[in-house]
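S.K.: compute the structure for the input listed below.
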Amino acid sequence: MNMPFSLDHRQTTGADDGFLPQTHAIGQPMYFVSGQFAGHTIRGELQELQKAESGRKYARVDRRPLDPPPAVLLRLFYVRQVGTTVQEREVSYEEIINVGIMCTVDLFPVPDALLDGDTHARPHSTVRAEGPPYTFFPLHPYTTPNVNGTPSLVSPFQIPRRQPMLDTLRPHATPPHDTVMRMGNHLITESSKLTPALVGEKFVEPTLVDYKGRKALIFVFGDLAVQREGTFIFRYRAFDLFSLASGAQHHPVLTELYGGAFRVYSTREFPGLAPSTSLTRSLSKYGVRVTLRDAERKSKKRGNRRASTTSCTSHGSSDPTSY
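M.R.: Residues are numbered from 1 along each chain as shown. Next up is the predicted model:
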């Protein structure tokens, strides 16, 4: 079975943006001195096979995960002669130890227009000097004037339940100093990160599966909900807890990826859930805990009192099949 994926949300590289200080550029080859990759130079790459499309805002009860569950492919390469035309050999994923290889997510707000528009992530160094103005979200934590007219900090969990107003970059103005990525006409800043609004498993290990006739490692985020309404993207970051790179004081981020946009609705506005994708069903056969639906389930809050008949299970199987 072929897995559908979007070519618009592939590997991006850039300097570290606040996860942990590191001397190595994320996404560039790294020489490891300990762990299963000791003595080898390794380059990592992530690819979003399936992005979330929608979710219902989680308050205190009845948490519903984002749907469909985000799924990200990890590729690792041995690098031997950097700069040559034949320099890399892909790792055999059946021979490496999965334990300790992790992927985590950060949450960033983006404009609603990115749901249907240009969501191709580009390094922030490609910001152009002319054309339509760029947008960005204000710094986080947000500042608001108090009764004396001076700024006061607002706790991350006291911010409005909807996204704040976008700021616009004036012509010829310098982009925010912490700009980490550009998507369409929007600049993503590290300080706009809303990861504390994520609930559920933000760190996951990969699952070894059959993908296009070969073994592959896929991270599946099947238990994530968001405590804010709005439009968002994920930043995925992969690392190995048991491998240390040369010159590093901690376990470096191997690679990162900015994914596709998705929408989180209020309970009243939530449109319902589509049937489970073929990818979600395939992953469930490898024991990945995901929710399966045989038919569309519409929201009763929108006047649709007759919900479609569904079959929802947290499903796992010991009889995997090739895609």
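S.K.: can you map out the helices along the stretch 201-323 of the chain?
M.R.: Applying DSSP state H, counting those that start in this stretch to the stretch 201-323 of the chain gives helices spanning 278-284.
S.K.: sketch out the low-pLDDT regions of it for me.
M.R.: Scanning the stretch 201-323 of the chain for pLDDT under 70 picks out 295-323.
S.K.: ranges for the strands of it?
M.R.: Ranges of strands within the stretch 201-323 of the chain are 203-204, 207-211, 214-220, 224-226, 230-240, 244-245, 253-258, 262-265, 272-273, 290-292, 297-298, 313-315, based on DSSP state E, counting those that start in this stretch.
S.K.: show me what the fourth one pairs with in its sheet, parallel or antiparallel.
M.R.: It refers to strand 224-226. strand 198-200 (antiparallel) (DSSP bridges).
S.K.: other residues contacting the partner strand?
M.R.: 58, 63, 65, 105, 107, 221, 223, 224, 225, 226, 227 (Cβ atoms under 8 Å, 6 or more residues apart in numbering). Where you see a C-beta, it was placed from the backbone N, CA and C, and this is true even at glycine.
S.K.: which parts of that strand are buried?
M.R.: Neighbour-count burial for strand 198-200, counted by 16 or more other Cβ atoms under 10 Å, picks out 198, 200.
S.K.: now it: mean pLDDT?
M.R.: Across strand 198-200, the average pLDDT comes to 94.
S.K.: tell me the spacing between residue 278 and residue 31.
M.R.: Relative to residue 31, residue 278 is positioned 39 Å away (Cβ to Cβ, to the nearest Å).
S.K.: distance of the residue nearest to residue 72 when sequence neighbours are not counted relative to residue 228?
M.R.: Distances taken as Cβ to Cβ, 6 or more residues apart in numbering place residue 219 nearest to residue 72, at 4.6 Å, with adjacent residues excluded. Applying Cβ to Cβ, the value for residue 219 to residue 228 is 23 Å.
S.K.: who has more neighbours out of the two?
M.R.: Remark: of residue 219 and residue 228, residue 219 carries more neighbours, 25 against 21, as counted by other Cβ atoms under 10 Å.
S.K.: just say which of the strands of the stretch 201-323 of the chain is most tucked in.
M.R.: Compared across the strands of the stretch 201-323 of the chain, strand 253-258 shows the largest average neighbour count, a mean of 25 (mean count of other Cβ atoms under 10 Å).
S.K.: circling back: let me know the closest of the contacts of strand 198-200 to residue 40.
M.R.: residue 105 (27.1 Å; Cβ to Cβ).
S.K.: need the contact list for that closest one.
M.R.: For residue 105, the contacting residues are 70, 195, 198, 202, 221, 224, 234, 235, 236, 237, by Cβ under 8 Å, 6+ apart.
S.K.: likewise for residue 57?
M.R.: 161, 226, 227, 228, 229, 264, 265, 266, 267.
S.K.: can I get the residues you listed in TSV including distance to residue 293?
M.R.: TSV is the format used below for the contacts of residue 57 (distance: Cβ to Cβ, whole Å):
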residue	distance to residue 293
161	27
226	20
227	23
228	25
229	23
264	19
265	17
266	21
267	19
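S.K.: quick check: buried residues in stretch 275-293?
M.R.: 275-277, 279-286, 288, 290-293.
S.K.: pretty sure residue 55 sits against residue 67.
M.R.: Yes. At 6.6 Å, residue 55 and residue 67 qualify as touching, with contact defined as Cβ atoms under 8 Å.
S.K.: which residues does the residue nearest to residue 94 when sequence neighbours are not counted bridge with?
M.R.: Closest residue to residue 94 apart from its sequence neighbours, by Cβ to Cβ, 6+ apart: residue 215 at 5.0 Å. Taking DSSP bridges as the rule, residue 215 bridges to residue 210.
S.K.: I'd say residue 215 and residue 93 touch.
M.R.: Yes. At 4.6 Å, residue 215 counts as touching residue 93 under the criterion of Cβ under 8 Å.
S.K.: any common contacting residues for these two?
M.R.: When Cβ under 8 Å, 6+ apart defines a contact, the residues bordering residue 215 and residue 93 alike are residue 208.
S.K.: quick one: the contacts of residue 105 as CSV, columns for distance to residue 256 too.
M.R.: Listed next are the contacts of residue 105 as CSV, based on distance: Cβ to Cβ, whole Å:
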residue, distance to residue 256
70, 14
195, 14
198, 16
202, 14
221, 15
224, 17
234, 10
235, 6
236, 6
237, 5
